[in-house]
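Undergrad: The sequence and its predicted three-dimensional model are supplied below.
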Amino acid sequence: MNTMSMIIGAEKTTGCSDSWLEIVNPATEEVQARVPNAGARDVDMAVRAARYAFEGVWGRMIPSDRGKLLYRLIELIEKHTDDLALLDTQDMGKPYSHAREHDVPMAVEFLRFYAGFCDKIRGSQVPCAPDKHVYLVREPVGVVAGILPWNFPLVIATQKLGPALACGNTLVLKPAEQSPRSALLLAELCLEAGLPPGVVNVVTGLGETTGAALVSHPGVDKLSFTGSTEVGRIILRAAADQIKKVTVELGGKTANVIFADADLDAALGWTLLTSCYNSGQICTTGSRLVVNRKIHDRFLDALTSRMNKLKVGDPMQPDTKLGPLVSREQFNRVKQYIALGEKQYSPIVCGIRAGDLSRGFYINPTVFDQVDAGSRIAQEEIFGPVLSVINFEEEEEAVRIANQTSYGLATAIWTNDLSRAHRLAARMDSGFVWINCNNYWVSPIPYEGHRSSGIGVDMGMEVVESYTKLKSVIVNLDCAPHPWSAS
């Protein structure tokens, strides 16, 4: 069995607790590796290593030199593309071709954007009075704790590492217990690239123990969490107790709104992507198909016809489109939602099951038609390839349905009416509004959830505010006593 160590400071370590987590391959249900189940003492050592690096060489480094080290890291990631992609495939079940051709290049794109960002973080001057010189400085927060989800392990690790390090912070990452190994390899590559020990640390373990110890550690200055809304609430409460800076990117229930005048062929292709990519395990998955009644039958027939051509199976096969779900727990959760939907609606089960799938957490794309917009399957985040189809007649009804959820992460709108597109974009209460596309997100575009989908910004230049603190410096140019003090 493959055993991987944590990275704390300059050391590979199995930790102090002599406790282990078994990593199960979701395609075979076989234990393939183990990683340390870190305790509070391990977390403390990682935070202390990050603090030492922040107050030492990393904090004094010329910003452009930090960028050079990140560029060196990028070279190593590209060199290890196959290894990183394989780890994510084996850990969480995504097709290897997707991990290699999408995830690793996206991780590289994130890091390249922020490597070039290191020496471009600037303050400003505030005009106040002739005898006062006031300037604003953006300073690093300090030690950042990044807590990762299991659905895009490498991508979201770099999404946190890039801006944290570019702004001059140091980092302790806690990957999800289901998919930790690409983050561990990433930390090894950081050391190989020449990043000073302690700048990037990775501790592995359960969320309720290792994650909780990291969240509550007084040496952590900022928390950056990506995951479920339920856990996000717990983290926000813990952050409030210690007044920590916090960013939480949480769940979603994206409405994919199709108007009758849309380019239906393009909408079909993108709807297929947003419904089934990563087996529906994406927070921005368009799991609510809100389609105009005039085109409902034609669009649904064409969509299910295309879904029926998708191969569900071994994620190592190049033509596989849907691999297994990440775990038995997630498999059971999705099956429960499907059973819930079956009480009211007849499921349309799609896809081609390739090979013997008696082992592994495989679920075919499943469509429920004519769904009530207020039903649980249309309101709650399922995180699987389950699609609820909801009809609408008029534009006003489409807006109401799209916003009829506690989440506010993303909305997609399909129309060839430019006026309608902009009019609706202004009315959608979500951080992303895609028009005639969906699930397009790259480094320069800021990413912020509304309502129950999060607090704070990821990505874009705006992320600087999340990973820095503002200092105002007021210089009195006239040293005469203040009039108040005159006798």
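TA: Good, I have the coordinates. Numbering: from 1, shown residues only.

Undergrad: what's across from the closest residue to Arg138 other than its chain neighbours in the sheet?
TA: In space, and not counting its chain neighbours, Arg138 is closest to Thr468: 4.2 Å by Cβ to Cβ, 6 or more residues apart in numbering. For glycine as for every other residue, the C-beta is placed from the backbone atoms N, C-alpha and C. Beta bridges link Thr468 to Pro140, judged by DSSP bridges.

Undergrad: Kindly report the same for the one 5 residues further on.
TA: On DSSP bridges, the residues paired with Val473 through beta bridges are Tyr135.

Undergrad: From Val137, how far out is it?
TA: To Val137, Val473 is 6 Å away according to Cβ to Cβ, to the nearest Å.

Undergrad: Can you show me the helices along the stretch 1-150 of the chain?
TA: Assigned by DSSP state H, counting those that start in this stretch, the stretch 1-150 of the chain shows helices spanning 40-55, 57-60, 63-79, 81-92, 96-98, 104-115.

Undergrad: Please identify the buried residues of the fifth one?
TA: Across helix 96-98, burial judged by 16 or more other Cβ atoms under 10 Å covers Tyr96, Ser97, His98.

Undergrad: Of those, which is the nearest to Gly286?
TA: His98 (17.3 Å; Cβ to Cβ).

Undergrad: hang on, that closest one packs against Tyr277?
TA: Yes. Assessed by Cβ atoms under 8 Å, His98 is found in contact with Tyr277 at 7.5 Å.

Undergrad: What segments of the stretch 301-450 of the chain are helices?
TA: Under DSSP H, counting those that start in this stretch, the stretch 301-450 of the chain gives helices at 328-342, 376-379, 395-403, 418-427.

Undergrad: Kindly calculate the angle that the third one makes with helix 418-427.
TA: Taking axes from the mean of the first three to the mean of the last three Cα atoms, to 10 degrees, helix 395-403 and helix 418-427 form an angle of 40 degrees between their directions.

Undergrad: In contact with Gly168, which residues are there?
TA: Trp58, Gly59, Pro63, Arg66, Glu139, Pro140, Thr468 (Cβ atoms under 8 Å, 6 or more residues apart in numbering).

Undergrad: Now do it against Glu139, distance only.
TA: For Gly168, the distance to Glu139 (Cβ to Cβ) stands at 8 Å.

Undergrad: overlap in contacts of these two?
TA: Thr468.

Undergrad: Please enumerate the helices of the stretch 151-300 of the chain.
TA: 153-166, 181-193, 212-216, 229-242, 264-276, 296-307.

Undergrad: will you turn those into JSON lines that also has mean pLDDT, distance to Arg353 and mean neighbour count?
TA: Shown next, in JSON lines, are those (pLDDT from 0 to 100; distance: least, Cβ to Cβ, whole Å; neighbours: other Cβ atoms under 10 Å):
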{"stretch": "helix 153-166", "mean pLDDT": "96", "distance to Arg353": "26", "mean neighbour count": "27"}
{"stretch": "helix 181-193", "mean pLDDT": "97", "distance to Arg353": "28", "mean neighbour count": "23"}
{"stretch": "helix 212-216", "mean pLDDT": "95", "distance to Arg353": "39", "mean neighbour count": "22"}
{"stretch": "helix 229-242", "mean pLDDT": "89", "distance to Arg353": "32", "mean neighbour count": "16"}
{"stretch": "helix 264-276", "mean pLDDT": "95", "distance to Arg353": "14", "mean neighbour count": "19"}
{"stretch": "helix 296-307", "mean pLDDT": "96", "distance to Arg353": "13", "mean neighbour count": "17"}
